[in-house]
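In: No sequence on hand, only this structure:
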Ligand code: ADP
């Protein structure tokens with residue numbers, strides 16, 4: 001292969017730039033030119049007035065400057081047009097016209113489905129799992145997950161320090177719409193006492209009972225870590241009625257429950273000043289950890305090697321601490337298993 005492309009797609013994740021750098025270094029080493037495709041699959045559609053806004057030759061010196069930075073230099077975006085078969089045909093033609101013979105796709109499972117469809121159109125692709133969620137079953141870690149957990153750990157430690165000063169419990173909301181791994185690892189690495197995730201049904205009463213018990217047993221500053229998607233797994237509870245009855249204002253009927261309201265409910269149920277903090281996008285915008293930077297380095301290099309050896313339609317992951325690859329279709333078929341043993345440990349100790 002003489003020319004390959006690289007794109008970042010879906011939600012951004014720390015380590016995406018490091019992976020692009022590794023791809024750029026390996027491409028240079030093997031004498032291939034590298035095209036950076038902008039804003040996920042949008043760049044393949046070439047809808048911008050200026051082609052440089054869609055696809056641009058990546059110069060290694062520029063990439064070296066951004067490798068350690070958070071975010072993604074290539075930008076990322078969702079691309080709904082790419083869900084249409086005729087648009088994907090159009091994209092495949094553009095890719096061929098640019099002389100791109102293979103693509104490294106850095107993104108989550110949606111991006112992998114896009115990569116699989118490009119493979120079906122004759123464009124070999126290799127995927128690197130760039131998402132903080134850790135929601136891909138075939139790999140032990142996704143790129144960005146370790147950094148996100150480190151970020152949450154720092155923040156939850158800070159929350160626990162001020163909670164300790166005031167003897168007041170805290171609720172910390174972390175990311176994870178369908179996957180509670182960030183919440184779980186954050187609890188395990190900070191000693192936070194209560195973990196709430198989308199994978200395990202839970203009830204407010206049960207959480208309140210545990211928090212009250214912790215307070216009664218001499219821990220008035222326990223921390224609840226809740227994943228942003230855990231509300232769907234909550235046992236029905238008329239929380240609005242509960243709060244309105246206690247004179248809490250601004251509880252509108254069309255509002256959905258969130259960590260602020262959970263803190264208010266716990267405040268009333270446990271007679272404690274519970275404070276909520278939503279950690280939000282800080283988790284996605286950190287400098288990549290050593291682990292993610294290492295993974296990006298190995299994955300980028302392996303991706304280029306696979307493409308240059310004509311092995312497309314693959315994704316890269318980590319198993320038993322080692323970087324490996326497997327076919328995209330096989331990877332997408334795997335069912336994710338939540339670590340219930342660790343969850344039970346965190347919630348029972
Ligand atoms: P992630 O890659 O983080 O899971 P998304 O699910 O938003 O993020 O997917 C990113 C992009 O991948 C989508 O905007 C779309 O361009 C592409 N994509 C997602 N699903 C498919 C699909 N079934 N077929 C083709 N492309 C897809």
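Out: Nice, thanks for sending it over. Computed from a predicted model, the values in this text were never measured in an experiment.
In: in the protein, which helix or strand is least confident?
Out: helix 60-66 (a mean of 84; mean pLDDT, DSSP states H and E).
In: and the one residue in the stretch 201-349 of the chain that gets nearest to the ligand, what helix or strand is that in?
Out: Ranked by C-beta to the nearest ligand atom, the top residue of the stretch 201-349 of the chain for proximity to the ligand is residue 332, at 9.9 Å. The C-beta positions use only the backbone N, C-alpha and C, and glycine is treated the same way. Residue 332 is located in helix 328-333, with elements delineated by DSSP states H and E.
In: now residue 86: how far from the ligand?
Out: Taking C-beta to the nearest ligand atom, to the nearest Å as the measure, residue 86 falls 12 Å from the ligand.
In: Show me the contact partners of the helix or strand following the helix holding residue 332.
Out: Where DSSP H and E defines the elements, the next helix or strand beyond helix 328-333 is helix 340-348. Helix 340-348 is contacted from outside by 180, 184, 187-188, 192-195, 197, 199-200, 210, using C-beta atoms under 8 Å, 6 or more residues apart in numbering.
In: What are the buried residues along helix 340-348?
Out: 343, 346-347 (16 or more other C-beta atoms under 10 Å).
In: Check stretch 84-95 too.
Out: Buried-residue list, stretch 84-95, by 16+ other C-beta under 10 Å: 87-88, 90-92, 94-95.
In: so who does residue 244 touch?
Out: Counting by C-beta under 8 Å, 6+ apart, residue 244 touches residue 251.
In: What confidence value was assigned to it?
Out: Note for residue 244: predicted pLDDT of 91.
In: For the strand or helix carrying it, buried residues please.
Out: Using DSSP H and E, residue 244 sits within helix 239-245. For helix 239-245, the neighbour count (16+ other C-beta under 10 Å) marks 239-240, 242-243 as buried.
In: Pick out the most distant pair among those.
Out: Largest separation among those by C-beta to C-beta: 240 and 242, giving 7.1 Å.
In: Not counting sequence-adjacent ones, nearest residue to residue 270?
Out: Computed as C-beta to C-beta, 6 or more residues apart in numbering, the closest residue to residue 270 that is not its neighbour in sequence is residue 212, at 4.6 Å.
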